[in-house]
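K.L.:
Let me see the structure of the following:
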Amino acid sequence: MLEVTVVTSDDELEQILRLQQRWLIGNIGPEEMQSEGFLTMIHSLDILKQMHQLAPSVIIKDANKVVAYALVMLPECRNFFPMLEPMFANFDHIQWNRKPLNYYKFYVMGQVCVDKEYRGKGLFDMLYEKHKEIYQDKYDFVITEVSTRNQRSIRAHERAGFQTINIYSDELDEWAVVILNFKC
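P.N.:
I've put the predicted structure just below:
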């Protein structure tokens, strides 16, 4: 029985890190990257704890095993990840509905992952439905960027209702900036 919930323990955070390690871009081959998608950011247990204290992340558990996660990264976490500064700097210059992003209350999807054996069963959408349930009264939208090379993730975000509002490149990759509007 799958349970969609929020992180409540260090053990769950450690399980997130193990799942993350499995799908990091440097840990999978090019064929698997192409067919299954990939993750680019590495988190530490300490950073996940700090993020969770600000706003709990959503997970899906099968019994006691974390099989999917979607990390909440509030703007206050900006300094936790120096390599994400280009993303945050880009957000500072983007407008949405003719207003700068900083006009709105939003958070960043810090990372989303569904374990391979659970893919194709609607878990990705379940994660975002729970995000909306928990955070729609507090935030206008969730925003993230997805590598344009990660077509599996691009398609999944589109299916979940995200819209692309910007595409830019930095020294690492080309990124699609996508928003899930909580107010529509």
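
K.L.:
From now on I want contacts and neighbour counts done on CA atoms only, so please keep to that.
P.N.:
Fine.

K.L.:
which residues in the chain form helices?
P.N.:
Along the chain, counting by DSSP state H, helices occupy 10-23, 30-36, 45-54, 85-91, 123-135, 151-159.

K.L.:
want to try a markdown table for these, with mean pLDDT as columns?
P.N.:
A markdown table is the format used below for the helices of the chain (pLDDT from 0 to 100):
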| stretch | mean pLDDT |
| --- | --- |
| helix 10-23 | 95 |
| helix 30-36 | 85 |
| helix 45-54 | 94 |
| helix 85-91 | 87 |
| helix 123-135 | 94 |
| helix 151-159 | 91 |
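
K.L.:
Ok, which of those helices comes nearest Ile167?
P.N.:
helix 85-91 (9.8 Å; Cα to Cα).

K.L.:
Now do the buried residues in that closest one.
P.N.:
Neighbour-count burial for helix 85-91, counted by 16 or more other Cα atoms under 10 Å, picks out 87, 90-91.

K.L.:
returning to that earlier point: JSON lines for the helices of the chain, including distance to Asn102?
P.N.:
Output for the helices of the chain, formatted as JSON lines (distance: least, Cα to Cα, whole Å):
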{"stretch": "helix 10-23", "distance to Asn102": "29"}
{"stretch": "helix 30-36", "distance to Asn102": "33"}
{"stretch": "helix 45-54", "distance to Asn102": "19"}
{"stretch": "helix 85-91", "distance to Asn102": "8"}
{"stretch": "helix 123-135", "distance to Asn102": "17"}
{"stretch": "helix 151-159", "distance to Asn102": "22"}
